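# Need coordinates for the below:
(2 chains)
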Amino acid sequence: MSSINLRSLTKSFGPLVAVNNLDLELREGELVAFLGPSGCGKTTTLRMIAGFETADSGEIYLGGREVSSFPPERRDAGMVFQNYALFPHLTVYENVAFGLQMRKVPKEDIQTRVAEILQKVQLTGMENRLPRQLSGGQQQRTALARALVINPAVLLLDEPLANLDAKLREEMRFYIRNLQQEFGITTVYVTHDQAEALVLADRVAVMRNGVLQQIDVPEQIYQRPRNAWVANFVGIANLIPGTIGEPLNDVARINTGLGVIHANGGESLSVGSEALASVRPESLRLERGNGSAESASPTSSVNRLTGIIEDRAYLGNLADYRVRVDTDTVLRVQSAPFPVYDISEDVQLSFAVEETWLVLPEAEGER
Amino acid sequence: MELTRWGQFALHAVATLLYLFLLAPIFIVVIAAFNSGEYLRFPPEGFSLRWFRSLLSSEPFIESFLFSLQLAVTVTILATVIGTAAALYIVRHAGRLRSPLQLLMISPLPVPAILTGIALLIFFYATDISRSSFTHLVIGHTLVCLPYVFLTVSTVLVGFDRSLEEAARSLGAGPLTTFFRITLPILKSGMVSGAVFAFIISFDQFPISLLLSGVGSTPLPVQLFDYLRFSFDPTAAAVSTVTIVMTVIVVLVTERLVGLESLYNRGKS
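The predicted structure is shown next:
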């Protein structure tokens, strides 16, 4: 178990900057998910930690040791690949034993350790199968066993669940999390699936175009996104653009095309600068009527808008509405499926100020 | 696509005819070898093993058979090693030179073997690298066998998942260990198919052998040709039968050793 420390890591492929000046620290035993769309640099970063790619500049510390110049076999990093990369000509036993053989572990010890780890991943009895004789989930667990049996300093997972079907993928999230906790191993988990990142990770590092956008605990990433891009990438966000106004009683205010909206955050923003108010669809509440009464007036704790239901989608556990509040603004609202609001119906929208968050308009690395 | 009953019937009929067409000459040669008559003819005049006995007592045939075997084994080893190394370099590291180098490697295929033979003959006379016909034959045969190994190994390499090697490295294996424990075993299927081709091509090779063989170094096909020029008896058919049986054995043994199954598993996990 070791910490991982990346300092000003940069890597280009020709004219493309894959990873741009990345600083990141993983504490011992922590699981950090690298989240971002394809091409954001998350896999390249992982491959640099593993030693498959050489950084153009910057340093990589594993357990306090600078390893940039080390070949992969000297980094002591267990890796699970997206396609598992099980050796097709070796049995499950031989696959798992491979790393121990390379470490010149005595034969009897190898047998005990392989048996132990196979039991842990519930593959006892599969020792003599070839990888192609296993189901996807079994292959996945074999790959995990092979990476963990060598007791590596760090565990690197590259989209380990991407090739499983949806149901199994959800089960495996908890499974991997439990295994990681049990081993207490510092883990980098690369994924483009935001739900996976939020469920699994101690902290989520959101990346875009090689630049780290935000690193924080899952709740903060979702409720307090740093900029509009993060807000949109993680979950669904209603983003209402405007300019920052004078705060009132310590509550930030933003002047938008829909009027003044009270919000939290944005402490670093100066009056007059551009920003967006971000509200999650489940934070918006619907009520009937066009709100001519006193209920329509916003207070410093609740924002209110009026609109017309434009579309409704029934999702079983909830209903997903599109509400037009302005000629060019449509908000997404997710609420309980009942009561039902009809299309073209006038509605009032309310959302708590504490669930309204100010975000920066540009993503990191674009200014 | 679903075939109609008639369509299926037609497909089977065509396939059967095709196989008949391909195999008929072979059957005729084999049957002719068991002829009891004096001449190479079909249908045979009776059943006899006399021509096989005559073959076994013919020193030139035994000698050239052993010579061809020795030659084919040497060529197979050389072509497999060089072809695999070339495939590894060209597929993985040649970059922009990949296509031209690939063409160069398979260029012995479209050139008529007789021209390759003449070119080599002139080359050997001009450069005087070696006076041994065996060496000349090894070089000539290896040249025409290389494309087969190169192509079969390249096919495996193109579909080779490099993350297998990365996985081995991350588990603590150095580059050499990774090559011998992971890369080579996965390339095995391609190498064996290529080696089988190389062996058969060398054992069967006529045009190049004809031009490069010397006194005391006559490969079997050349010996057979010489023999047929003067005597047209079924010994020739017996020789052919032995050759055919040899080839079939080589194919069957490799099929057993490597298994057709491994061909479906080329470097994919």
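
# Specify the beta-bridge partners of residue A:321.
Beta-bridge partners for residue A:321, by DSSP bridges, are residue A:312, residue A:333.

# And the average pLDDT for the helix or strand encompassing residue A:182 is what?
Assigned by DSSP states H and E, residue A:182 belongs to helix A:166-183. Average pLDDT, helix A:166-183: 91.

# Please apply the same query to stretch B:139-149.
The pLDDT scores in stretch B:139-149 average 95.

# what's the answer for stretch A:309-327, then?
Rounded mean pLDDT across stretch A:309-327 is 91.

# Tell me how far it lies from the chain's centre.
Taking Cα atoms, centre = their mean, to the nearest Å, one finds stretch A:309-327 lying 26 Å from the centre of the chain it belongs to.

# Can you dump the C-alpha atoms of it in CSV for me?
Extracted C-alpha coordinates of stretch A:309-327, given in CSV (Å, rounded to 0.1, in the frame of the first residue of the first chain):
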residue,chain,number,x,y,z
ILE,A,309,-45.1,21.9,-19.5
GLU,A,310,-43.7,21.1,-22.9
ASP,A,311,-43.1,17.4,-22.7
ARG,A,312,-43.4,14.6,-20.2
ALA,A,313,-41.6,11.2,-20.1
TYR,A,314,-42.7,8.5,-17.7
LEU,A,315,-39.6,6.7,-16.2
GLY,A,316,-41.4,4.4,-13.8
ASN,A,317,-40.1,5.7,-10.5
LEU,A,318,-40.3,9.3,-11.7
ALA,A,319,-41.5,11.6,-14.4
ASP,A,320,-39.2,13.7,-16.5
TYR,A,321,-40.7,17.0,-17.6
ARG,A,322,-39.4,19.6,-19.9
VAL,A,323,-40.7,23.0,-18.8
ARG,A,324,-40.5,26.1,-20.9
VAL,A,325,-39.8,29.1,-18.7
ASP,A,326,-38.8,31.5,-21.4
THR,A,327,-38.7,31.8,-25.2
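
# List of residues touching it?
By Cβ atoms under 8 Å, 6 or more residues apart in numbering or on different chains, the surrounding residues in contact with stretch A:309-327 are A:257-258, A:281-282, A:284, A:286, A:305-308, A:330-337, A:340-345, A:347, A:349. Quick note: C-beta positions are derived from backbone N, CA and C, even for glycine.

# For chain A, which segments count as helices?
A:42-50, A:92-102, A:107-120, A:136-148, A:166-183, A:194-200, A:218-223, A:228-233 (DSSP state H).

# Pick out the residue of the stretch 101-250 of chain A closest to chain B.
Nearest to chain B, among the residues of the stretch 101-250 of chain A, is residue A:102, at 3.6 Å (Cβ to the nearest Cβ).

# closest one to residue B:70 among the helices of chain A?
helix A:92-102 (37.3 Å; Cβ to Cβ).

# got a list of what residue A:197 touches?
If you count contacts by Cβ under 8 Å, 6+ apart, residue A:197 has them with A:33, A:35, A:189, A:191, A:204, A:218, A:234.

# nope, residue A:233 is what I meant
With Cβ under 8 Å, 6+ apart, residue A:233 has these contacts: A:35, A:36, A:37, A:194, A:206, A:208.

# Just the buried ones out of these, please.
A:35, A:36, A:194, A:206, A:208 (16 or more other Cβ atoms under 10 Å in any protein chain shown).

# my guess is the first one meets residue A:203, correct?
Read it as residue A:35. No. At 10.4 Å, residue A:35 does not count as touching residue A:203 under the criterion of Cβ atoms under 8 Å.

# for chain A, what are the low-confidence residue spans?
Where chain A drops to pLDDT under 70, the residues are A:1, A:290-300, A:366-367.

# Identify the structural domains in it and state their residue ranges.
A:4-223, A:240-288+A:297-359 (automatic domain parsing).

# Please narrow the buried ones among the contacts of residue A:233 to those residing in strands.
Among the buried ones among the contacts of residue A:233, DSSP state E puts A:35, A:206, A:208 in strands.

# nearest to residue B:181, of these?
Looking across these and measuring by Cβ to Cβ, the closest to residue B:181 is residue A:35, at 35.1 Å.
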